[in-house]
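In: Here is a sequence with its predicted model. Questions after.
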Amino acid sequence: MLSTKLAFSTAYRPQTDALAERMIQTMEDILRRLCEYGMKYKDHEGYTPDWVTLIPAVKLAYNTSQHSTTGKSPSLVEKGWNPLFPVDHLKKNLLTIHPTAKEFHDMWNKACDTEAKCIAETKEYNKQRWDKSHMEPDFKEGDQVLVPTLNFNNLKGPKKMRDSFVGPFTIIKVIGKMQLRSNSQRKLLGNMQHSHPVKNIIKARNIRLNGKDQRQYLVRFKNQTSDTDKWSVEDAIPDGNLHLRRFRAFRRNEQSHPG
């Protein structure tokens with residue numbers, strides 16, 4: 001009826017509960033301020049209320065404060081309206097108000113004002129901390145960048161011993177804020193493939209390069225996938241004679257036994 005749905009979190013993914021965790025941290029900051037500094041309000045006897053009695057005011061201040069994410073208060077988002085304050089329940093035509101009610105009204109207003117201030121200060125503090133460590137990069141063509149190796153599958157050695165980043169590489173083109181094109185592919189394939197032994201030769205082709213006919217072979221490396229295959233001439237293939245004999249024997253056998 002309320003069009004709600006469950007969103008279960010998967011293992012090792014606490015980001016699913018980010019909204020609840022953010023609210024809990026905000027409430028902790030507010031309550032910590034109450035416990036440490038106390039309230040400015042004191043009644044006519046000089047008594048400062050215990051912070052536990054002010055939790056309803058904390059809840060009301062949080063639920064009626066405007067959040068920067070939605071631009072609205074939680075109560076307005078969830079229910080469509082903001083709760084009434086105690087002053088809204090007082091009759092406007094009363095000539096006199098009971099001293100206890102007036103005292104409670106003053107204390108409540110002080111508590112709400114203090115909580116609203118605490119919430120604003122906490123938001124600003126958290127925003128500054130986040131912005132300090134999450135600045136958007138300003139990449140330009142020609143800049144030198146490091147490339148993370150998290151998704152590389154053509155690096156040798158144990159994964160835990162690999163470098164987290166390789167480079168630096170030069171940015172060739174800026175496509176978007178977080179999407180760039182660099183010269184890393186040519187350098188990585190040129191440097192890393194030779195560090196792996198050749199598995200076999202897959203196919204051959206004839207091309208014309210710099211006005212000369214050239215015979216090239218598509219080489220696959222051991223423990224590598226097809227995206228690291230490389231076209232090379234015979235002289236550039238380690239143990240090229242051995243692999244070429246095997247390749248030619250395979251081709252002859254394939255032609256003599258088609259299908």
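Out: It's in.

In: OK, contacts around Asp163?
Out: Thr149 (CB atoms under 8 Å, 6 or more residues apart in numbering). C-beta coordinates here come from the backbone N, C-alpha and C atoms, glycine included.

In: State the distance from it to Asn223.
Out: Look at Asp163 and Asn223: by CB to CB, to the nearest Å, they are 18 Å apart.

In: and what of Ser3?
Out: For Ser3, the distance to Asn223 - CB to CB - is 51 Å.

In: So if I had to pick from these two, which one is more boxed in?
Out: A direct count of neighbours by other CB atoms under 10 Å for Ser3 and Asn223 places Asn223 higher, at 11 against 4.

In: Which neighbours in the sheet does whichever strand or helix holds Ile172 have, and how are they oriented?
Out: For Ile172, the enclosing helix or strand under DSSP states H and E is strand 165-174. When pairing is defined by DSSP bridges, strand 165-174 lines up against strand 144-148 (antiparallel), strand 180-182 (antiparallel).

In: Kindly report which one of the ones you listed carries the lowest mean pLDDT.
Out: Mean pLDDT per stretch puts strand 180-182 lowest among the strands paired with strand 165-174, at a mean of 66.

In: For Thr26, list the residues it contacts.
Out: If you count contacts by CB under 8 Å, 6+ apart, Thr26 has them with 62, 119, 122-123, 126.

In: Just the buried ones out of those, please.
Out: 62, 119, 122 (16 or more other CB atoms under 10 Å).

In: Now do the SS call for Gln66.
Out: coil (DSSP: H, G, I helix; E, B strand; the rest coil).

In: Hmm, I typed the wrong one, I wanted Ser3.
Out: Assignment for Ser3 (three-state DSSP): coil.

In: Mind checking what helix or strand follows the strand ranked longest in the chain in sequence?
Out: Counting residues, the longest strand in the chain under DSSP state E turns out to be strand 198-209. Remark: after strand 198-209, the chain's next helix or strand is strand 212-221, criterion DSSP H and E.

In: Tell me the gap between stretch 200-210 and the middle of its chain.
Out: 43 Å (CA atoms, centre = their mean, to the nearest Å).

In: for stretch 228-235, that is, sorry about that
Out: 39 Å.

In: Flag every buried residue along it.
Out: Across stretch 228-235, burial judged by 16+ other CB under 10 Å covers 228-230, 232.

In: Go through the residues you listed and flag which are in strands.
Out: By the criterion of DSSP E, membership of the buried residues of stretch 228-235 in strands covers 230, 232.

In: coming back round to it: ok, the contacts of Thr26 vs Arg22, which is closest?
Out: The closest of these to Arg22 turns out to be Asn126 (CB to CB; 8.4 Å).
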